[in-house]
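1. Have a look at this prediction, sequence included:
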Protein chains: 2
Amino acid sequence: MPRIGMQPIRRKALIEATIDEIGARGSLDVTVARIARRAGVSSALAHHYFGNKEQIFLAAMRQTLSEYGAEVRAGLKAARTPRERVEAIVRAGFSEGHFRSAVLAAWLNFYVLARTSRQAERLLVVYHRRIVANLAQALRPLAGTAASDIAETLAAVIDGVYLREGLGQGTPDGAAAARRVLAVLDAELTARGGPGTQDKDRTET
Amino acid sequence: MPRIGMQPIRRKALIEATIDEIGARGSLDVTVARIARRAGVSSALAHHYFGNKEQIFLAAMRQTLSEYGAEVRAGLKAARTPRERVEAIVRAGFSEGHFRSAVLAAWLNFYVLARTSRQAERLLVVYHRRIVANLAQALRPLAGTAASDIAETLAAVIDGVYLREGLGQGTPDGAAAARRVLAVLDAELTARGGPGTQDKDRTET
DNA sequence: TTTTCTTGATTGACGGATCAATAGAAAACC
DNA sequence: GGTTTTCTATTGATCCGTCAATCAAGAAAA
């Protein structure tokens, strides 16, 4: 019984089902049929709305990135000091919403996809640029001309910790992961600015 | 024209072809037939020697890890100071042999595989443990009780920088990558030990 | 003659994509 | 107000391709 205006609802459901399905399986054998079944529709409908499989993946990834971006913006809005701004960006990467097995799997899939799909590659580059730019801007008051360099490093640390913590067995610990990244930040600031010049609130352990 | 003693030769060729093929394509559509063709044999022979596709991948990954291990060991043997030991471990990760597009693709594939295959997961855990242990051991004279923690961080930084630098367009710059990782090391040592307490031979630029 | 090496041919399964067809909603027309 | 047309939504069936894996057989060495 076709009610009209289903398109956005179906698209949303399919996107969500895509991420869930990628998380449920290892991401190798994610079929359109399975995604569709999880969303409660036929595979034909998935093709009807997205065209092909790659577009489904891309849509799912855009959704993930957009949610991440929203979290970053929300965190930045609440932050008062430069330091808090950096922390907000870092913490967003390890929040409940994104530091999950399913999302990690989606990221891996995305990385792989980016090696063959122009669109995926562009999307990835945009994400990379944006996070570095955000970090650099937040870091400028703290690190001056070194901000860009530290931002680049922090971005890499975030990715590395995300990957390692997420791939290790056991539930990923977002708080610990964020702590580790921020410890690197503290070390960089201390080392470059001389001890006692900058931050005072180093997180222990 | 079957000559005897072909087994090790074929296996080696197939393993090499696997990595090359993964690198050539994006790693999504790597088929046994393609690997076999690249190695100059039939797909049936690949199955004959490896049993199934997963075993081919695992063998390729073991090979990659073993080469990496050899490079680390060679570097460690040549190193005289603790600092040089750490540098050797870091540099091995960004050497000509491993910091290539093809190997990066193989790693991604491996990560994905590790989410579904027990054997791959075990292999990955072993690699993770080993690199952290190596780093911690080398760091102990430099950082004392903080060695383990710094080692964990450095391992994550290596992974993150590897991924970012490798995925970005353009030829990956191993030297720059290693420099970035070592900069984190310096920062950590300076911050924890107080400036001037530990290292003196910071690599410039 | 047995063992090792090798492949072409085949199979069974699966997956992405397409298509024709159905069912209701809305709009247009009389 | 009723009828026809048009649109959206939706699916089952199906096509075409691919791929991992198997098999039977051949060719050379031992």
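-> It's in. Small disclaimer: the values here were computed from a predicted structure and weren't measured.
2. outside of stretch A:69-87, which residues touch it?
-> A:88-89, A:91-92, A:95, A:97-98, A:130, A:134-135, A:138-142, A:154, A:178, A:182, A:185, A:199, A:201 (Cβ atoms under 8 Å, 6 or more residues apart in numbering or on different chains). Where C-beta positions appear, they are placed from N, C-alpha and C, glycine not excepted.
3. now do stretch A:101-116
-> Against stretch A:101-116 from outside (Cβ under 8 Å, 6+ apart): A:18-20, A:22-24, A:26-27, A:30, A:54, A:57-58, A:60-61, A:64, A:97, A:120-121, A:123-124, A:162-163, A:166-167, A:172, B:25-28, B:105, B:108-109, B:111-112, B:115, B:163, B:167.
4. residues of it that come out buried?
-> A:102-115 (16 or more other Cβ atoms under 10 Å in any protein chain shown).
5. ditto for stretch A:71-78
-> Neighbour-count burial for stretch A:71-78, with 16+ other Cβ under 10 Å as criterion, is recorded at A:71, A:72, A:75, A:76.
6. Quick one: mean pLDDT for it?
-> Mean pLDDT, computed over stretch A:71-78, is 95.
7. that older thread, got TSV for the buried residues of stretch A:101-116, with secondary structure and pLDDT too?
-> As requested, the buried residues of stretch A:101-116 are exported to TSV (DSSP: H, G, I helix; E, B strand; the rest coil; pLDDT from 0 to 100):
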residue	secondary structure	pLDDT
A:102	helix	85
A:103	helix	87
A:104	helix	88
A:105	helix	86
A:106	helix	87
A:107	helix	89
A:108	helix	87
A:109	helix	84
A:110	helix	87
A:111	helix	88
A:112	helix	85
A:113	helix	85
A:114	helix	86
A:115	coil	84
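8. Can I get these in a markdown table including distance to DNA strand D?
-> Shown next, in a markdown table, are these (distance: Cβ to the nearest atom of the strand, whole Å):
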| residue | distance to DNA strand D |
| --- | --- |
| A:102 | 24 |
| A:103 | 26 |
| A:104 | 24 |
| A:105 | 20 |
| A:106 | 23 |
| A:107 | 24 |
| A:108 | 19 |
| A:109 | 18 |
| A:110 | 21 |
| A:111 | 20 |
| A:112 | 15 |
| A:113 | 17 |
| A:114 | 20 |
| A:115 | 16 |
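9. Could you list which of those residues also contact DNA strand C?
-> When contact is defined as Cβ under 7 Å from any atom of the strand, those do not meet DNA strand C at all.
10. quick check, nearest of these to residue B:193?
-> Nearest to residue B:193, judged by Cβ to Cβ, of those is residue A:104 at 34.4 Å.
11. Would you check that residue A:127 makes contact with residue A:64?
-> No. Using Cβ atoms under 8 Å as the test, residue A:127 is too far from residue A:64 to be in contact (9.7 Å).
12. neighbour count winner among the two?
-> residue A:64 (21 against 17; other Cβ atoms under 10 Å in any protein chain shown).
13. how near is residue A:47 to residue B:41?
-> 38 Å (Cβ to Cβ, to the nearest Å).
14. So for those two, which residue has more residues nearby?
-> Per other Cβ under 10 Å, whichever of residue A:47 and residue B:41 has more neighbours is residue B:41, with 18 against 15.
15. Contacts only, for the more buried one.
-> By Cβ under 8 Å, 6+ apart, the neighbours of residue B:41 are B:10, B:13, B:14.
16. Kindly recompute the last result at 10 Å.
-> Residue B:41 makes contact with B:6, B:10, B:13, B:14, B:17, B:35, B:48, B:49, according to Cβ atoms under 10 Å, 6 or more residues apart in numbering or on different chains.
17. helix/strand/coil for it?
-> coil (DSSP: H, G, I helix; E, B strand; the rest coil).
18. Can you select the buried ones among the contacts of stretch A:101-116 for me in ChimeraX?
-> In ChimeraX, this line selects whichever of the contacts of stretch A:101-116 come out buried by 16+ other Cβ under 10 Å:
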select /A:18,19,20,22,23,26,27,30,57,58,60,61,64,120,121,123,124,162,163,166,167,172 /B:26,27,28,105,108,109,111,112,115,163,167
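19. Skipping its backbone neighbours, what lies nearest residue A:136 in space?
-> residue A:151 (3.9 Å; Cβ to Cβ, 6 or more residues apart in numbering or on different chains).
20. how much space between the one you found and chain B?
-> Noted for residue A:151: a distance of 12 Å to chain B, by Cβ to the nearest Cβ, to the nearest Å.
21. quick one, the helix or strand of chain A with the lowest mean pLDDT and helix B:101-114 angle?
-> Ranked by mean pLDDT, DSSP states H and E, the helix or strand of chain A with the weakest confidence is helix A:101-114, at a mean of 86. Interaxial angle, helix A:101-114 versus helix B:101-114 (axes from the mean of the first three to the mean of the last three Cα atoms, to 10 degrees): 150 degrees.
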